[in-house]
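Chemist: Pasted the sequence and its predicted model underneath.
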2 protein chains.
Amino acid sequence: MRVVVFGGDGFCGWPTALHLSARGHDIVIVDNLARRNADVELEVSSLTPITPISTRLKAWRETSGRRIAYHNFNVAEDFYRLTSLFDDFRPDAVIHFAEQRAAPYSMKSERHKRYTVNNNVAATHNILCAIVESGQDIHVLHLGTMGVYGYGGGAAIPEGYLRVELLAPDGRRVPREILYPADPGSVYHMTKTLDQLLFYYYNKNDRVRVTDLHQGVVWGTNTEETKRDIRLINRFDYDGDYGTVLNRFLMQAAIGYPLTVHGKGGQTRAFIHIRDTVRCIELALLHPPKSGDRVAIYNQMTETHRVEDLAKLVSSLTGATIQHLPNPRNEAPENDLIVEAKSLIELGLKPTRLEAGLLEEVVQVAKQYADRCDRSMIPCTSTWLRQKQDRPDSETLQLRLNAVSSAQGGERPSQYE
Amino acid sequence: MRVVVFGGDGFCGWPTALHLSARGHDIVIVDNLARRNADVELEVSSLTPITPISTRLKAWRETSGRRIAYHNFNVAEDFYRLTSLFDDFRPDAVIHFAEQRAAPYSMKSERHKRYTVNNNVAATHNILCAIVESGQDIHVLHLGTMGVYGYGGGAAIPEGYLRVELLAPDGRRVPREILYPADPGSVYHMTKTLDQLLFYYYNKNDRVRVTDLHQGVVWGTNTEETKRDIRLINRFDYDGDYGTVLNRFLMQAAIGYPLTVHGKGGQTRAFIHIRDTVRCIELALLHPPKSGDRVAIYNQMTETHRVEDLAKLVSSLTGATIQHLPNPRNEAPENDLIVEAKSLIELGLKPTRLEAGLLEEVVQVAKQYADRCDRSMIPCTSTWLRQKQDRPDSETLQLRLNAVSSAQGGERPSQYE
């Protein structure tokens, strides 16, 4: 198939592009390198030594014999580059990773909030609008997040849709199937709930075929393809903005830094390994919705864990200590999370379980590149509430005091220190 | 109260600014004149001879003795003008009309779709973001639309929220109150569903107090205040993009043009007179949500009618003939519409009924300015589907044939002719 990967230089986009190229698909990457620019802004680098995109593409040609084309433009701004690309390449499908994807980054300041909203909405809308303009029947695969649903309620989160009954004035109950209600917990998550409505509308009005993959927190680093050559290595983020919780724990364990648990660690999250991410995307690519079908929504995750339990697991494997810090997020201190995720398993996914992959990550990635870690970048300095409005409760105050008394030497001072 | 009216030069914004100024509120208008620029683009003018904003404001000073301040900037782009305004003026409330508000305009081309999405989302988000930055407790009143809910289902549309039951894995039913499900029928309507989620999130995370007024189709032209001086007259749109259905019928009747009914006219819509719009907004301004309250959502309409019935009513009052044209919209040919709209009545609204105001509009506005009408601007030339994808059904084909055979002389050729 001919496939455009928007955001194909990023953490999920790059291994996806290689995975699909290795399986014979004809791949074009579009990326404006926004993720690398965010590293420049945040004064942080991937723990792994990622190479420039041109080096990556050259290495892929040399190791696989296959070419991936690359265009550097901004999907959110350069609409006519999009329509030209669709006219010239005539893709069967596009995979849309071209969004700002970190919740803490989206909360850093008004500028980051506005960038996240304007970029993510315009990128998604431009892609949909350009597909309609092209007159082509292009399948859109989009990376959503389990976080669109919030983390509460006690009921199982189905794959996209909920049957409800509306009450008619005469007392009749009118059954209806609706998008599962959104309850975003950050500006970033909010943009993914906006995406859902964009997909809903363009699917309804213009019959655009869409698969929306609501992904859990991704962990792990490399896939079969990114391991083929050191120049193909995938990025590994450990900083307070872009680092995801489990990868941060693995890196912290590798360098002898305490595992930083926000609040009591009672937050339950869904997880998936990067190897399974790329497999899920290929499965969704090979099984598109038919013309006229509603948006296909799959929960792309393989297991759920409490953050505190993950910290204990990593601690037991590595001997790392655990440090509780105040939670910068405005969220419930504890939550259940029950997720229905049958569709991708039914399509053939064989999950990589946590216990099978954790030690490999610690040894092969985190320990190997531990000397590249800048410890001052570990604390999360983004907060969910404006500081002068922030009225800490007694639990938070106590955690701040603990943080002060156990502060590590040498880190950039965080707001809690 | 100190109140900013964003979009205060427009059809609803201008009479709202005057209504509140007349009642002693301290008003600042922010408007980039986008609505007047759309007239330039579409080569059309308000049927009524509206004056430039500076003339309007001077006339208001002379007739009322009250000053309204005016700033020309783009709320969707000039974020730091917003934060400066909030710092300097310290408003109690803002009223947000600063959105592209015509469904047909939003469907004209990819450029109009993208302008509508980017402008409306950024305007709403900038206002919310600037309020959080200001640290002030500013009440946001927003003009939404009944169209966020679509027009179907057969159940009564409540004021914003729906009680549903989620099914827990153990079979328990978990009650939850959700935003009434969105089902937008155009790109414009879609942006109002995105607004809802922006309000939901900023209310939840930052406790921004919001009243979202889901308005019906507005008819009528003038209010008590805009009648005080000819220079204060409100705009009256009759063109295929910005003209709303009832005002178009009134103008068509006044100039001896057949009343243009799209499809069979089975569409049922909610209506409200412009006089009631400004009263509703004042009521909502005087009864804000308390700190910590969820978003207040009111259905701002006073009656519902089928389009065909409205055409017959206007025809019976004026002797105008009725012409059925193909429906450019992608919508059900007929729908029920049952709306709960008690909140604003309970706050004191006394509705202006259709039968009481229709003849006044025909005589005082439509007939008086009939010579300003450009008949070529009456047809709606925007369509909901790309033309080469458009597979008309037999009803539409028959209506097109009828349209061709009864085409009026002298009009700009529409795509159906």
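Modeler: Arrived safely.

Chemist: Report the buried residues of stretch A:139-151.
Modeler: By neighbour count on 16 or more other Cβ atoms under 10 Å in any protein chain shown, the buried set for stretch A:139-151 is A:139-151. Glycine gets a C-beta too; all of them are placed from N, C-alpha and C.

Chemist: All the helices of chain A, residue numbers only.
Modeler: In chain A, the segments counted as helices under DSSP state H are A:13-22, A:34-42, A:53-64, A:79-89, A:103-106, A:110-134, A:187-206, A:245-255, A:274-286, A:307-318, A:343-346, A:354-361, A:394-405.

Chemist: and the gap between the residue most central in space within chain A and chain B?
Modeler: Centroid-nearest residue in chain A: A:R101, 5.7 Å away (criterion: Cα atoms, centre = their mean). The gap separating A:R101 from chain B is 17 Å, by Cβ to the nearest Cβ, to the nearest Å.

Chemist: likewise A:H324?
Modeler: Using Cβ to the nearest Cβ, A:H324 is found at 23 Å from chain B.

Chemist: Quick check, A:A123 in contact with A:F6.
Modeler: Yes. Look at A:A123 against A:F6 with Cβ atoms under 8 Å: they come within range, at 7.3 Å.

Chemist: Between these two, which contacts overlap?
Modeler: A:75, A:96, A:98 (Cβ atoms under 8 Å, 6 or more residues apart in numbering or on different chains).

Chemist: quick one: which of these has the most company?
Modeler: With neighbours defined as other Cβ atoms under 10 Å in any protein chain shown, the most crowded of the shared contacts of A:A123 and A:F6 is A:A98; it has 30 neighbours.

Chemist: quick one, what contacts it?
Modeler: Going by Cβ under 8 Å, 6+ apart, A:A98 touches A:6-7, A:30-31, A:75-76, A:123, A:127.

Chemist: Of all pairs in those residues, which one spans the longest distance?
Modeler: Greatest spatial distance in the contacts of A:A98: A:D31 and A:I127, 13.8 Å, computed using Cβ to Cβ.

Chemist: shared neighbours of the two, anything?
Modeler: Both A:D31 and A:I127 are in contact with A:6, A:98, where contact means Cβ under 8 Å, 6+ apart.

Chemist: can you pull the pLDDT of the residue nearest to the centre of chain A?
Modeler: Per-residue confidence at A:R101 stands at 96 (pLDDT).

Chemist: Spatially nearest residue to it (excluding sequence neighbours)?
Modeler: Excluding the flanking residues, the one nearest A:R101 by Cβ to Cβ, 6 or more residues apart in numbering or on different chains is A:Y188, at 6.8 Å.

Chemist: I'd like the distance between that neighbour and A:R353.
Modeler: Distance, A:Y188 to A:R353, by Cβ to Cβ, to the nearest Å: 28 Å.

Chemist: Between these two, which is the more surrounded one?
Modeler: Legend: neighbour count by other Cβ under 10 Å for A:Y188 and A:R353, higher for A:Y188 (24 against 13).

Chemist: any idea of the pLDDT on the residue nearest to A:D276 when sequence neighbours are not counted?
Modeler: Nearest residue to A:D276, sequence neighbours excluded (Cβ to Cβ, 6+ apart): A:T352, at 5.4 Å. Looking at A:T352, its pLDDT reads 91.

Chemist: Counting neighbours, what do you get for A:T352?
Modeler: 20.

Chemist: before we move on, what about A:P49?
Modeler: Neighbours around A:P49, by other Cβ under 10 Å: 13.

Chemist: these two touch, right, it and A:V365?
Modeler: No. Contact criterion Cβ under 8 Å: A:P49 and A:V365 do not qualify, at 11.2 Å.

Chemist: Could you name the residue of chain A that is farthest from its center?
Modeler: Relative to the centre of chain A, and counting by Cα atoms, centre = their mean, the farthest-placed residue is A:D170 at 45.6 Å.

Chemist: just for the stretch 101-250 of chain A, where's the confidence low?
Modeler: A:152-153 (pLDDT under 70).

Chemist: Apply 90 and report the result again.
Modeler: A:147, A:149-158, A:162-177 (pLDDT under 90).

Chemist: before we move on, the earlier item: show the contacting residues for the residue nearest to A:D276.
Modeler: Residues in contact with A:T352 (Cβ under 8 Å, 6+ apart) are A:220, A:273, A:275-276, A:302.

Chemist: Would you format those residues as CSV with neighbour count included?
Modeler: What follows is these, written out as CSV (neighbours: other Cβ atoms under 10 Å in any protein chain shown):
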residue, neighbour count
A:G220, 26
A:H273, 25
A:R275, 20
A:D276, 27
A:T302, 23
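
Chemist: of those, closest to chain B?
Modeler: Chain B has its nearest neighbour among those in A:T302, at 17.6 Å by Cβ to the nearest Cβ.

Chemist: correct me, but that closest one touches A:G216?
Modeler: Yes. Using Cβ under 8 Å, A:T302 makes contact with A:G216 at a distance of 7.5 Å.
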